[in-house]
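A.B. asks: task: produce atomic coordinates for the following.
(one chain, ligands or ions: 2)
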Amino acid sequence: MIIVMKPNAEKREVDHVVEKVEEVGCKAILLEGTNRKVIAVIGDKRDISAGFWDAIPGVEKAVPILTPYKIASREVKKTSTEIKINDYILGGRKIGIIAGPCAVESQDQINFIAERVKKAGAIALRGGAFKPRTNPYSFQGLMEEGLEYLAKAREATGLAVVTEVLSPEHVGLVSRYVDVLQIGTRNMANFLLLKAVGEGKKPVILKRGMSATLDEFLLAGEYILSQGNPNVILCERGIRTFETHTRFTLSLSIVPQLKKLTHLPVIVDPSHGTGVRDLVLPMSKGAIAVGADGLLIEVHPDPEKAFVDGPQSITIEEFESLMEESRSISAAIGRYI
Ligand code: PEP
Ligand code: MN
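C.D. replies: Residues are numbered from 1 along each chain as shown. Ligands and ions are numbered 1, 2, ... in the order given. Have a look, this model is predicted:
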């Protein structure tokens with residue numbers, strides 16, 4: 001159920017509705033739209049009719065929600081959610097490009113990349129400190145040392161930093177160092193981790209599970225939202241199909257579908273989505289053209305020497321061209337980078 005308040009509803013009326021919701025054993029999540037507030041009622045209270053809420057002062061109407069994802073749904077919040085990442089807003093007209101190496105390798109490496117991607121127009125630096133590797137003998141990341149390097153790169157450039165968090169126990173530690181948390185594809189259905197990042201307020205980039213349907217993806221986002229963190233960014237990063245010419249199949253058609261169903265920002269990762277350096281530029285342009293609010297791009301000054309994901313990493317120069325070409329596509333659809 002969602003309760004739509006009248007445009008001129010007073011704060012005490014909103015508070016009273018929240019109290020009522022809690023009185024009947026449900027959780028109230030307040031969503032602030034541009035000209036009115038709505039309250040999402042979370043909990044299984046099918047026996048309370050919409051009429052019960054309609055009668056409360058300040059309430060315009062109570063509407064049952066048909067989708068299983070209540071807070072994420074555009075039925076509940078019509079206006080697109082804009083998420084602040086330091087000085088930038090993701091989810092508005094500006095398309096936010098987040099870039100960096102798959103793994104933080106050294107202070108010099110991360111500082112160098114940070115400076116160059118910032119200069120090219122990226123809004124944030126991304127680098128992995130804890131790496132979820134398929135093979136236990138592969139490089140696992142520099143861990144806390146990597147977080148320190150990221151924090152220093154932020155100090156040096158002013159860029160917001162993004163990194164992946166692998167387990168609920170690490171949420172506190174990682175949150176102390178970075179501005180945005182990433183949940184990787186392998187953890188999209190790690191519900192304890194989703195709840196843990198939902199308890200804070202740091203923006204979360206939630207990557208689509210490589211075998212997750214659209215509904216499962218949105219419900220994973222709902223886990224975070226339902227804990228009270230409204231700052232969820234959905235990221236399409238490719239799914240497993242029978243196709244072998246790319247590492248994953250980048251499902252760009254999910255972008256306009258998500259934009260229709262949810263108010264959350266949607267970004268695309270064409271690096272993991274293809275696994276092929278030469279496909280990163282065309283798929284980035286495609287992603288912008290179909291309505292993505294941002295891109296996540298793996299960049300490395302010397303991809304051949306990258307500790308992780310070299311074959312899909314683009315060089316700094318390729319990144320600069322990608323930014324240029326993406327600017328023209330963005331302008332063609334009335335947006336900018
Ligand atoms: C990454 O971003 O480097 C990563 C491991 O991503 P994914 O979870 O999409 O594989
Ligand atoms: Mn990677």
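
A.B. asks: give me the three-state assignment for the nearest residue to residue 180 once chain neighbours are set aside.
C.D. replies: Spatially, and ignoring its direct neighbours in sequence, residue 180 is nearest to residue 162 (4.1 Å; C-beta to C-beta, 6 or more residues apart in numbering). Heads up, the C-betas are built off the backbone N, CA and C, glycines and all. Here residue 162 is recorded as strand under DSSP: H, G, I helix; E, B strand; the rest coil.

A.B. asks: ok, residue 228 touching residue 29?
C.D. replies: Yes. Counting by C-beta atoms under 8 Å, residue 228 does reach residue 29; the two are 7.1 Å apart.

A.B. asks: for the closest residue to ligand 1 within the stretch 101-250 of the chain, give its distance to residue 54.
C.D. replies: The nearest approach of the stretch 101-250 of the chain to ligand 1 comes at residue 184, 2.8 Å away (C-beta to the nearest ligand atom). Counting by C-beta to C-beta, to the nearest Å, the separation of residue 184 from residue 54 is 43 Å.

A.B. asks: the two: which is more packed in?
C.D. replies: residue 184 (23 against 13; other C-beta atoms under 10 Å).

A.B. asks: got the residues of the stretch 101-250 of the chain near ligand 2?
C.D. replies: Residues of the stretch 101-250 of the chain that fall close to ligand 2, judged by C-beta under 5 Å from the ion: residue 102.

A.B. asks: repeat that for 8 Å
C.D. replies: 102-103, 128, 131 (C-beta under 8 Å from the ion).

A.B. asks: and those as TSV, adding neighbour count and distance to residue 213?
C.D. replies: Putting these into TSV (neighbours: other C-beta atoms under 10 Å; distance: C-beta to C-beta, whole Å) gives the following:
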residue	neighbour count	distance to residue 213
102	25	26
103	25	30
128	29	26
131	21	26
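
A.B. asks: which of those residues sits closest to residue 284?
C.D. replies: Proximity of these to residue 284, judged by C-beta to C-beta, is greatest for residue 102, which lies at 16.6 Å.

A.B. asks: that closest one against residue 314, yeah?
C.D. replies: No. In this structure residue 102 lies outside contact range of residue 314 using C-beta under 8 Å: 11.6 Å.

A.B. asks: need the overlap of contacts for these two.
C.D. replies: Counting by C-beta atoms under 8 Å, 6 or more residues apart in numbering, the common neighbours of residue 102 and residue 314 are 271, 298, 300.

A.B. asks: so which of those sit within strands?
C.D. replies: residue 298 (DSSP state E).

A.B. asks: any idea which of the shared contacts of residue 102 and residue 314 is closest to residue 234?
C.D. replies: Within these, the smallest distance to residue 234 is 16.7 Å, found for residue 271 (C-beta to C-beta).

A.B. asks: and the residue nearest the centre of this protein?
C.D. replies: If you average the C-alpha coordinates of the chain and look for the closest C-alpha using C-alpha atoms, centre = their mean, you land on residue 233, 2.0 Å from that point.

A.B. asks: leaving out chain neighbours, which residue sits closest to whichever residue of the chain sits closest to ligand 2?
C.D. replies: Nearest to ligand 2, among the residues of the chain, is residue 102, at 3.3 Å (C-beta to the ion). Once flanking residues are discounted, residue 102 sits nearest to residue 309: 3.8 Å by C-beta to C-beta, 6+ apart.

A.B. asks: what residues does the stretch 151-300 of the chain put near ligand 1?
C.D. replies: Along the stretch 151-300 of the chain, the residues adjacent to ligand 1 under the rule C-beta under 6 Å from any ligand atom are 184-186, 207, 237, 272.

A.B. asks: just checking, residue 257 touches residue 215?
C.D. replies: No. Under the contact definition of C-beta under 8 Å, residue 257 does not touch residue 215, with a separation of 10.8 Å.

A.B. asks: ok, the closest residue to residue 209 other than its chain neighbours - contacts?
C.D. replies: Nearest-residue entry for residue 209: residue 188, 3.6 Å, with adjacent residues in sequence omitted and distances by C-beta to C-beta, 6+ apart. Listed by C-beta under 8 Å, 6+ apart, the contact partners of residue 188 are 206-209, 212, 216-217, 220.
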